[in-house]
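In: Pasting the sequence and the predicted model now:
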Amino acid sequence: MDLLPLFSVVSLLLCMLVSEVSGLNAWDRATVVCETVGKKHVVEENSNRIVVLDSQCKSGEVAWRLSQTYVQLQINKPSSFRVCFSSAAFPSLEKYGVYRITDGGMEFAGSPNRDGDVCLTSPGTSLDIVLKALDIFYVLTAKFTISCL
């Protein structure tokens, strides 16, 4: 009897149990990679879902797992800017929505697969955006570009 498959299943179950007991779900995380002056680096990988992008970030990719949740991006630049989101999912398959955070709450801006690239212009030097799954997916990715105006 080959014990390797059994060991893998037991390890996975123990990992899930430890996650639940500790109150942390190791799989429920968001990762943001930014490109600044030709170099890519991980900005943050965490489970609190709020990521601050510094003024040097020009483009990148957001990935989040167990995506019935969301990722909030706080973008700051020295002047007004435009940020555009795209998705590599099949056309017309709505994977995620882009929302602008305003004083009145969240304002839906569009879904990159349904509407094409979704672009938002900042009213000043900062912009808060939420990327939220429109269905339950285990992994979602969103590409973005930022350009100063």
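Out: Perfect, I can see it now.

In: What residues does the most centrally placed residue in the chain make contact with?
Out: Nearest to the mean C-alpha position of the chain, by CA atoms, centre = their mean, lies Val62 at 3.8 Å. Val62 sits next to Ala30, Thr31, Val32, Val51, Val71, Leu73, Leu131, Thr141, Ala142, Phe144 when contact means CB atoms under 8 Å, 6 or more residues apart in numbering. (C-beta placed from N, C-alpha, C; glycine too.)

In: Got a PyMOL select line for the buried ones in the residues you listed?
Out: A single PyMOL command selects the buried members of the contacts of Val62 (16 or more other CB atoms under 10 Å):
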select buried, resi 30+31+32+51+71+73+131+141+142+144
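
In: Take the contacts of Val62 and keep only those in strands.
Out: Under the assignment DSSP state E, the contacts of Val62 contribute Ala30, Thr31, Val32, Val51, Val71, Leu73, Leu131, Thr141, Ala142, Phe144 to strands.

In: between those residues, which is nearest Thr121?
Out: For these, the minimum distance to Thr121 (CB to CB) is 13.8 Å, reached by Phe144.

In: Now that the closest one has come up, it's in contact with Cys84, right?
Out: Yes: applying CB atoms under 8 Å, one finds Phe144 in contact with Cys84, separated by 6.6 Å.

In: in the protein, which spans are helices?
Out: 4-22, 112-115 (DSSP state H).

In: In terms of mean pLDDT, which of those ranks lowest?
Out: Here these differ in mean pLDDT, and the lowest is helix 4-22 at a mean of 43.

In: what sits against Arg82?
Out: Cys119, Leu120, Thr121, Ser122, Ile146, Ser147, Leu149.

In: Isn't Lys77 up against Thr125?
Out: Yes: using CB under 8 Å, Lys77 is in contact with Thr125, at 5.7 Å.

In: Just want to know which of the two has more residues nearby.
Out: Using other CB atoms under 10 Å as the criterion, Lys77 and Thr125 rank with Lys77 on top: 22 against 13.
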